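Trainee: 3D model of this:
(one chain, ligands or ions: 3)
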Amino acid sequence: MPEIWVEKILDEPELYILRIDDERIKYFEATWDIPEGITYNAYLMKTGDAVVLFDAWKKDYTEEFLETLRKLVDPKEITHIIIHHTEPDHSGAIPAVLEANGYRAQLIGTTFAKRFMEGFYGEKVVENFYTIKDGEERNIGGKTFRFITVPWLHWPDTMITYVVEDKLIFSCDAGGGYGIPEAIDDSDEEVVKRYLPHVTKYIVTVIGHYHKYIVQNIKKLKSLGIVEEARMILPGHGLIWRKNPMRIFEHYERVGAGIPEKDKILVIYDSMYGFVERRMEVVIDELRKHGKKPVVYRFTDKEAPAVSDILGEVPDSEAIIIGASTYEAEIHPRIRYTLYEILDKANYEKPVLIVGAFGWAGVAGKKIETLITRSKFDLVDVVESRGMPRSEDEEKLREGVRKLVAWAG
Ligand SMILES: Cc1cc2nc3c(=O)[nH]c(=O)nc-3n(C[C@H](O)[C@H](O)[C@H](O)COP(=O)(O)O)c2cc1C
Ligand SMILES: [Fe+2]
Ligand SMILES: [Fe+2]
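Mentor: Ligands and ions are numbered 1, 2, ... in the order given. Okay, here's the model as predicted:
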């Protein structure tokens, strides 16, 4: 049984978190390996004559959600359900909640959210749906609820809610992360430190394709003044931020902008029989001579790292080195897929050095060069040669690394 957390967050307004720890999941969105798991967080607020539910859980946990909800309230008493984002990891249990609620509650969300809810769950679910305008305020149970759209964090439907009097930001995917933290909030620094790398991996794999919108949307929230004054940020995944609410959005901004960690160089390669590997040993040796810290992921006949983990390493790297063998007149399949995902999800302005090995006609280096040239990444050099690296190849590799290091600064 997955662990469930129901905790009171505030007395006034009466606010609860309903969190389930999904450690059963293996591939988020049927793609991203997450052995660290994920949590789905919903919130319930009782204020004045209103009972407001903020999002829900994934459909697989509908029964558990209803059971947990019933510990806090009779579902029939829910007056409003705020839909920040319709991806089924949050909306999956909503149809059953409405059923238990007798369709009394009003759903609140963007025009997109209404359309997507209808698409996923049918007309009945959106019969009582109030569509908000960006920045609109509504008085609900004596509190001012301000709805702010944050398109592409994670979908076009996405918004956040700001409860003005209490300075609470309900942010759904924005501010979320993978992982199952051992606490509900950021009060323990050790918990936060362990959790933040999962946040980075989540940002890149889930919203990386739209990473410029991360920076844009956080700028928007900052210009409204609500980030600085927020007392709490309550996301749909992972930790609640109340000791230092700014920290999570600052982390999001850094990842969105690809701010590097000093000296970190990401090295990714495949090697079937060790020829690329011999080149990469030279590359890594030269990196270390320059005081750089290579973070190495390799695909061999013994290991295959998760592409989701590699993606999480891109934003804070100073530069990237890709080593690939030519495979049936193509880039080796593992690197091909990894590169495809990097260019889609983690397309940053960072220098790239390409290293290739081939048997009879080098193709991988040139193909990667074309892909990199068309991307935001900056091509530093391509060092590709046949079979065993000779001393002149080794010199070219070292020279390539020196150029990369000079570029990365
Ligand atoms: C299945 C397979 C397909 C290959 N296809 C090509 C190819 O199309 N062109 C080429 O020049 N070399 C090809 N090679 C040779 C490798 O690119 C070459 O041996 C390279 O040095 C491998 O480096 P590695 O052992 O580090 O993977 C192929 C090798 C294998 C095993
Ligand atoms: Fe999402
Ligand atoms: Fe989500």
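Trainee: Would you map the strands across the stretch 301-409 of the chain?
Mentor: For the stretch 301-409 of the chain, applying DSSP state E, counting those that start in this stretch gives strands covering 319-325, 351-358, 378-386.
Trainee: Which pLDDT value goes with Ala408?
Mentor: pLDDT, Ala408: 89.
Trainee: Correct me if wrong: it contacts Lys293.
Mentor: No: the criterion here is C-beta atoms under 8 Å, and Ala408 misses it with Lys293 at 11.7 Å. (Each C-beta comes from the backbone N, C-alpha and C, glycine too.)
Trainee: With neighbour numbers in mind, choose between the two.
Mentor: Ala408 (22 against 13; other C-beta atoms under 10 Å).
Trainee: Could you measure from the more buried one over to ligand 3?
Mentor: Distance, Ala408 to ligand 3, by C-beta to the ion, to the nearest Å: 34 Å.
Trainee: residues in contact with the residue in the stretch 301-409 of the chain positioned nearest to ligand 2?
Mentor: Proximity of the stretch 301-409 of the chain to ligand 2 (C-beta to the ion) peaks at Lys345, 13.9 Å away. Lys345 makes contact with Val204, Thr205, Gly208, His209, Leu311, according to C-beta atoms under 8 Å, 6 or more residues apart in numbering.
Trainee: okay, it: pLDDT?
Mentor: Looking at Lys345, its pLDDT stands at 96.
Trainee: which of the strands of the stretch 301-409 of the chain sits most buried?
Mentor: Sort the strands of the stretch 301-409 of the chain by mean neighbour count, taking mean count of other C-beta atoms under 10 Å, and strand 319-325 sits at the top with a mean of 28.
Trainee: can you tell if that one touches ligand 1?
Mentor: Yes: counting by C-beta under 6 Å from any ligand atom, ligand 1 has neighbours in strand 319-325: Ser325.
Trainee: Within the sheet, what are the partner strands of that strand, with directions?
Mentor: strand 264-270 (parallel), strand 351-358 (parallel) (DSSP bridges).
Trainee: Dump the ones you listed into TSV; add distance to Pro235 and mean pLDDT as well.
Mentor: Output for the strands paired with strand 319-325, formatted as TSV (distance: least, C-beta to C-beta, whole Å; pLDDT from 0 to 100):
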stretch	distance to Pro235	mean pLDDT
strand 264-270	26	98
strand 351-358	33	98
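Trainee: Select, out of the ones you listed, the one closest to ligand 1.
Mentor: With C-beta to the nearest ligand atom, the closest approach to ligand 1 among the strands paired with strand 319-325 belongs to strand 351-358: 3.5 Å.
Trainee: and the angle from the closest one to strand 378-386?
Mentor: Strand 351-358 runs at 10 degrees relative to strand 378-386, counting by axes from the mean of the first three to the mean of the last three C-alpha atoms, to 10 degrees.
Trainee: Alpha carbons only: can I get strand 351-358 in PDB?
Mentor: Output of strand 351-358 as PDB, limited to C-alpha atoms (Å, rounded to 0.1, in the frame of the first residue of the first chain):
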ATOM      1  CA  PRO A 351      29.300  24.300 -25.700                       C
ATOM      2  CA  VAL A 352      29.400  20.700 -27.100                       C
ATOM      3  CA  LEU A 353      32.400  18.600 -28.100                       C
ATOM      4  CA  ILE A 354      31.700  15.500 -30.300                       C
ATOM      5  CA  VAL A 355      33.900  12.500 -30.300                       C
ATOM      6  CA  GLY A 356      33.300   9.600 -32.700                       C
ATOM      7  CA  ALA A 357      34.700   6.200 -33.600                       C
ATOM      8  CA  PHE A 358      33.900   4.100 -36.700                       C
END
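Trainee: Now find how far off-centre it is within its chain.
Mentor: 28 Å (C-alpha atoms, centre = their mean, to the nearest Å).
Trainee: Quickly check: it near ligand 1 or not.
Mentor: Yes: for strand 351-358 and ligand 1, the contact criterion (C-beta under 6 Å from any ligand atom) is met by Ala357, Phe358.
Trainee: Which residues of the protein lie near ligand 2?
Mentor: By C-beta under 5 Å from the ion, the residues of the chain that approach ligand 2 are Glu87, His154, Asp173.
Trainee: Distance to ligand 3 added to the strands paired with strand 319-325, as TSV?
Mentor: Below are the strands paired with strand 319-325 laid out as TSV (distance: least, C-beta to the ion, whole Å):
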stretch	distance to ligand 3
strand 264-270	26
strand 351-358	31
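Trainee: what about those strands, which gets the closest to Leu239?
Mentor: With C-beta to C-beta as the criterion, Leu239 lies closest to strand 264-270 of the strands paired with strand 319-325, at 24.2 Å.
Trainee: Check which element follows that closest one along the chain.
Mentor: Using DSSP states H and E, the helix or strand that directly follows strand 264-270 along the chain is helix 275-289.
Trainee: next helix or strand past that following helix?
Mentor: Going down the chain from helix 275-289, the next helix or strand is strand 293-299, by DSSP H and E.
Trainee: Now do that following strand: which elements does it pack against?
Mentor: Secondary-structure packing of strand 293-299 (3 or more C-beta pairs under 8 Å, 6 or more residues apart in numbering; DSSP states H and E): strand 264-270, helix 275-289, helix 307-313, helix 333-345.
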